[in-house]
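Trainee: Give me a model of this one.
(one chain, ligands or ions: 2)
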Amino acid sequence: MRKAIATVCLSGSLTEKIEAIAAAQFKGVEIFENDLLSFNGTPAEVQRMIEGLGLQTITLQPFRDFEGMPEPQRSKVFARAERKFDVMEELGCDLLMVCSNVSPDSLGGIERAAADFHELGERAAKRGMRVAFEALSWGRHIHDYRDAWEVVRRANHPAVGLVLDSFHVLARGTDLSAIRSIPSDKIFLVQMADAPKLDMDYLSWSRHYRCFPGQGDLPVDAFMDALHATGFDGHLSLEIFNDRFRAGSARSVAIDGQRSLIVMLDELRRRKGDVSPAVEALPPKAHCSGVEFVEFAVDERGAAGLERILGGLGFRKAGIHRSKDVTRWRQGDINIVVNAEKEGFAHSFNITHGTAICALALRVDDAPGTVERAVTLLDQPFQQPVGPGEMNIPAVRGLGGSILYFVDRKTGLDRHWDVDFEPADTEDFTGAGLRSVDHVSQSMHYEEMLTWLLFYASLLDVRKTPVQTVIDPGGVVQSQAIETPDGSLRLILNASQSQRTLSSRFLSELFGSGVQHIALATDDIFATVERLRANGVDLLPIPENYYDDLEVRADLSADDMERLRAASILYDREGAAEYFQVYTTTMGGGFFFEIVERRSYKGYGAVNAPIRLASQARLASDMLPPGL
Ligand SMILES: O=C(O)c1ccc(O)c(O)c1
Ligand SMILES: [Mg+2]
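Mentor: Ligands and ions are numbered 1, 2, ... in the order given. Predicted coordinates:
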């Protein structure tokens, strides 16, 4: 299958769109009519630009309100089609895509539509062109691909074929089995789109919320399986109408599109054993078994402040880098790296962002294989100079210019602590009972949320939860979790369209997207809180009203209630599963730690998020948080 994309997916001028499409290694482009109409130049100039970049125009679309028109509109519609053929001649494009009629003037009837298409096919063929018919899911008479196919079949003309658009097919939940018996040479074009599950009319859903395969909830794989059964090997073209893509960077959205197709076709190959023409096999998705370390970039002052906080949280300095100004802080299975180098990546990161998390390291089964997969997916590999004898940990660029490292046992990378660090501070130490990294929460611009969702989901063996909407005092925040099936890795992506949410304010304070908080797991949150209090750690105060409400809602004993209240712990329950959360006050820049205890609980305490956000907002306006 040859990969293509419609100009309508991307932001910018037609020139910018075409350049982004070529840069993302597509071969074909669908010219959306509006992009041509608003282009200040002739169709021949567009054709030269497209050819010059090694691309091919696979269709001009959409041609609207064609079939089933009574006279006198019918004659006008054919005259309009002839004008489009003129334009296509200049464009060097031989396929006109017709979407089903939505006009109240149109008449129904498969035979009538088939006759119209037969005539259109005759006219197209005279000019060496073809036409293809797509059922819009909101078409007036034709909104089901099976009816569109029946029209095409009865039109019975070699220049008339079918368009299958996965959105229109899947949005209506149409049975897919009829696809399997459509002759592949009658499928002139396949358009691919996914979408989140939303309960809304088809037109609005399609025009604003489509997304790339893998970013949404539609059963795109089942659609591909049915298509595969036909032996189709024509153009597979992304056609996404999405408000965020329109506001995003054309170059990065085009790359996301290519990435989504690479993954989708690789998964098809894994299920079916072959794809025509053959697609390159990707190394498998990385199995991830946890966070190996979290790295902060600091300057000297920032280092002192951060180390004070880490000490308060019960971390001890466990290692000193053999050649760099870098220390390792440890508690349970948690490792925090404090990088105070005066040059190199972390230093530059600190200059731009202040004290901030510049890198995450994930434990995977095969670190070099993970980076190899990343490179095939057009992610950016990352390399920095390593000192003599030091380990070179494979990495890619992640969110906000940060680094994502991969450590495995297979190639011995898990020895990096011993190889790169001298042990430090072995004196007796109790800690605060923190055991592991429970989740890492990243804040980003709303427009890039789908990009990072695809980044993680295409690289790692993870699943995504449905998007949650959380109310912040300054607006609405969208929140989505990505997690391994066993919960050993949990990442939360947060974004908001309002400038006044904590999530957005974090972006402006940090000068970019990044990790806003890390949740650390304990097996006994009450003991941990006691320890933190003794160490002088400030915890986020929670209003009395919350506990008054919880008392009636959660069916807890008076004793339990009192313990939660006294420790400023937030609580949630799902059946017999329980969740306990407590927060540190924010450090300069808006970063904070969360401490959680899970008792068989799988979620993230979404009911408590508005309470926490309101408390944080109140503190932020009452007093300026102490800088690091
Ligand atoms: O939203 C539309 O009108 C529209 C146009 C062309 C398409 O191919 C499509 O799927 C939808
Ligand atoms: Mg379409």
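Trainee: tell me which element the closest residue to His168 other than its chain neighbours is part of?
Mentor: Of all residues not flanking His168 in the chain, Ser137 sits nearest, at 4.1 Å (Cβ to Cβ, 6 or more residues apart in numbering). Placement of C-beta: from N, CA and C, glycine included. Following DSSP states H and E, there is no helix or strand that holds Ser137.
Trainee: Could you find the residue nearest the spatial middle of the protein?
Mentor: Leu453 (2.2 Å; Cα atoms, centre = their mean).
Trainee: Now that that residue has come up, it's in contact with Asn494, right?
Mentor: No - judged on Cβ atoms under 8 Å, Leu453 makes no contact with Asn494 at a distance of 11.7 Å.
Trainee: Tell me the helix or strand right after the lowest-mean-pLDDT helix or strand in the chain.
Mentor: Sorted by mean pLDDT, DSSP states H and E, the helices and strands of the chain end with helix 502-510, the least confident at a mean of 84. Where DSSP H and E defines the elements, the next helix or strand beyond helix 502-510 is strand 514-522.
Trainee: Closest residue of the stretch 401-550 of the chain to ligand 1?
Mentor: Leu450 (19.0 Å; Cβ to the nearest ligand atom).
Trainee: Could you say which helix or strand holds that residue?
Mentor: helix 449-459.
Trainee: How about the contacts made by the residue of the stretch 301-450 of the chain found nearest ligand 2?
Mentor: Nearest to ligand 2 in the stretch 301-450 of the chain, going by Cβ to the ion, is Leu450, at a distance of 19.2 Å. Listed by Cβ atoms under 8 Å, 6 or more residues apart in numbering, the contact set of Leu450 reads 211-212, 215, 242, 244-245, 256.
Trainee: again, but for Ala567
Mentor: 525-526, 529-530, 539, 582.
Trainee: Tell me which two in the residues you listed are the farthest apart.
Mentor: Phe526 and Leu539 (12.6 Å; Cβ to Cβ).
Trainee: since we're on the residue in the stretch 51-200 of the chain that ligand 2 sits nearest to, how many residues are nearby?
Mentor: Taking Cβ to the ion, ligand 2 has its nearest neighbour within the stretch 51-200 of the chain at Asp165, 3.6 Å off. Neighbour count of Asp165, defined by other Cβ atoms under 10 Å: 26.
Trainee: Please name every helix or strand in contact with the longest helix seen in the chain.
Mentor: Using DSSP state H, we find that the single longest helix of the chain is helix 250-272. The contact analysis (3 or more Cβ pairs under 8 Å, 6 or more residues apart in numbering; DSSP states H and E) places helix 250-272 against strand 2-6, helix 14-23, helix 220-230, strand 235-238, helix 449-459.
Trainee: Could you tell me which strands the helix or strand following it is paired with, and in which direction each runs?
Mentor: Next along the chain after helix 250-272, taking DSSP H and E as the criterion, comes strand 288-297. Paired neighbours of strand 288-297 in the sheet (DSSP bridges): strand 334-339 (parallel), strand 356-364 (antiparallel).
Trainee: what sits up against the helix or strand just after the longest one?
Mentor: The element immediately downstream of strand 356-364 (helix or strand, assigned by DSSP H and E) is helix 367-376. Contacts of helix 367-376 from elsewhere in the structure, counted by Cβ under 8 Å, 6+ apart, are 262, 280, 282-286, 364, 381, 393-396, 406-408, 410-411, 413, 459.
Trainee: Tell me the residues of the stretch 101-250 of the chain that contact ligand 2?
Mentor: Contact residues (Cβ under 5 Å from the ion) of the stretch 101-250 of the chain with ligand 2: 165, 191, 239.
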